[in-house]
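Student: here is a sequence with its predicted model. Questions after.
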Amino acid sequence: MILGQRKAQVFGGLLVALVLLYSEGLNAMVEVTQNSNGLGRPSPPPIKRPEGLAKQFDAAVTANDTVVKPIVRPVFDKSKYLKAIADAAAKVQAANVIKPKLRPKVMAEQAALQDSFFEGISTIAESDHGSIPKATNDEGDNTTLDIGYGHKITNTEKALKEIHGIPYIDKAGKYIPITQEQKNIIFQKDMEMHLIEARKAGWDKKLKAIGTRWEDLDIKYKLPLMSLAYNLGGANAGKQYTKVLQAAKDTNLIDFAKELRRTSAYKENGVVKNGYNKGMDNRVVRELMYSGLITDSSKVKSVLGLTNI
């Protein structure tokens with residue numbers, strides 16, 4: 001409809017223009033004829049331009065009611081698509097969460113915290129058992145040999161005469177005292193080994209079941225868990241401890257301390273018992289302190305009631 005009106009307006013405008021041009025041409029011819037009166041020819045009367053024709057032409061071109069408006073195309077409404085796109089992107093992000101790489105400074109801070117934690121647990125919680133093997137001081141165990149920071153020598157290590165590649169028995173069968181640096185290496189490798197065992201024995205599956213991974217836990221919660229695995233043995237910790245992982249994921253300090261609490265053999269009035277005791281509560285407090293979660297026992301005293309730290 002709009003295009004039809006446009007064509008009619010254009011055609012009408014052209015027609016008016018032609019009439020004006022034609023009248024101008026005729027008037028020019030009249031002037032020529034008048035200037036040639038000397039030839040004795042009568043001058044024809046001038047042709048009158050139709051009154052108001054020019055105004056009509058201008059009106060036809062410029063009047064608002066005759067200007068053809070451009071075709072209005074439907075505006076693409078993208079808003080209704082944005083939410084769907086955002087929702088889809090959120091699902092992809094949730095399914096494939098990519099943690100940003102740690103900056104060198106953060107990595108250095110975590111490494112320093114880990115070194116400090118290992119030093120505290122080894123020298124205070126475990127204590128130095130010496131540079132050569134000796135009978136363990138664990139209550140009720142009369143056969144195991146310890147060395148360094150609580151490392152229990154296995155039958156395989158006895159046969160190989162070395163611990164994590166570090167020789168401790170010479171060819172003649174005599175003990176080779178290990179150095180302080182070697183004690184530290186053995187302790188850290190033990191911690192890592194027991195952690196791997198705990199993860200394989202159940203921790204990785206349990207963490208997945210609650211929607212997280214070991215790598216995603218806060219370092220301050222991972223360090224006490226490593227100590228737990230070392231203290232109980234990786235396989236035992238992996239199978240027996242579950243709630244402590246949820247507390248670590250939630251960064252719930254009180255629940256974490258409560259679930260870290262464990263029983264052990266201890267001697268009371270000359271009698272060996274097994275249960276909660278001051279020594280083990282103190283160990284858990286130290287694990288929390290050395291990892292940077294607490295500065296003293298006051299925050300966890302309610303769940304570690306036997307500690308005297």
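Tutor: Thanks, I have the structure now. Numbers count the residues shown, from 1 in each chain.

Student: what sits against residue 306?
Tutor: Residues near residue 306 by Cβ atoms under 8 Å, 6 or more residues apart in numbering: 276-278, 281. (Glycine included, C-beta is placed from N, CA and C.)

Student: then residue 267?
Tutor: 139, 273.

Student: right, and the helix or strand after the helix or strand containing it?
Tutor: Assigned by DSSP states H and E, residue 267 belongs to strand 264-268. Going down the chain from strand 264-268, the next helix or strand is strand 271-275, by DSSP H and E.

Student: looking at that following strand now, give me its mean pLDDT.
Tutor: For strand 271-275, mean pLDDT is 87.

Student: try stretch 227-247
Tutor: 96.

Student: re earlier: show me which of the contacts of residue 306 is closest to residue 187.
Tutor: residue 281 (22.3 Å; Cβ to Cβ).

Student: test my guess that the closest one contacts residue 305.
Tutor: Yes. Judged on Cβ atoms under 8 Å, residue 281 makes contact with residue 305 at a distance of 7.3 Å.

Student: partner strands of the strand holding residue 267, with direction?
Tutor: Using DSSP bridges, strand 264-268 pairs in its sheet with strand 271-275 (antiparallel).

Student: report how many residues lie close to residue 210.
Tutor: 12 (other Cβ atoms under 10 Å).

Student: tell me the domain boundaries of this structure?
Tutor: Per the record, the chain has its domains at 2-66, 105-299, by automatic domain parsing.

Student: any idea how far the spatially closest residue to residue 291 that is not a sequence neighbour is from residue 237?
Tutor: Nearest residue to residue 291 in three dimensions, chain neighbours excluded: residue 223, at 4.2 Å (Cβ to Cβ, 6 or more residues apart in numbering). For residue 223, the distance to residue 237 equals 14 Å [Cβ to Cβ, to the nearest Å].

Student: repeat that for residue 123.
Tutor: Residue 123 is 22 Å from residue 237, where distance means Cβ to Cβ.

Student: higher neighbour count, these two?
Tutor: Shown here are residue 123 and residue 237; by other Cβ under 10 Å, residue 237 has more neighbours (26 against 14).

Student: quick one: the helices in this structure?
Tutor: 2-35, 53-62, 79-95, 104-120, 155-160, 180-198, 204-209, 219-232, 234-240, 243-250, 253-260, 278-290 (DSSP state H).

Student: out of those helices, which gets the lowest mean score?
Tutor: helix 2-35 (a mean of 51).

Student: okay, now residue 241: neighbour count?
Tutor: 21.

Student: hang on, the earlier thing: how about the contacts of residue 306, which pair is most distant?
Tutor: 276 and 278 (8.7 Å).

Student: on that earlier part again, looking at residue 281 and residue 305, which is more packed in?
Tutor: Per other Cβ under 10 Å, whichever of residue 281 and residue 305 has more neighbours is residue 281, with 24 against 11.

Student: how near is the more buried one to residue 297?
Tutor: Residue 281 is 9 Å from residue 297, by Cβ to Cβ.

Student: my guess is residue 226 meets residue 196, correct?
Tutor: No. The criterion here is Cβ under 8 Å, and residue 226 misses it with residue 196 at 10.3 Å.

Student: was I right to think residue 273 contacts residue 266?
Tutor: Yes. If you go by Cβ under 8 Å, residue 273 and residue 266 touch, sitting 5.9 Å apart.
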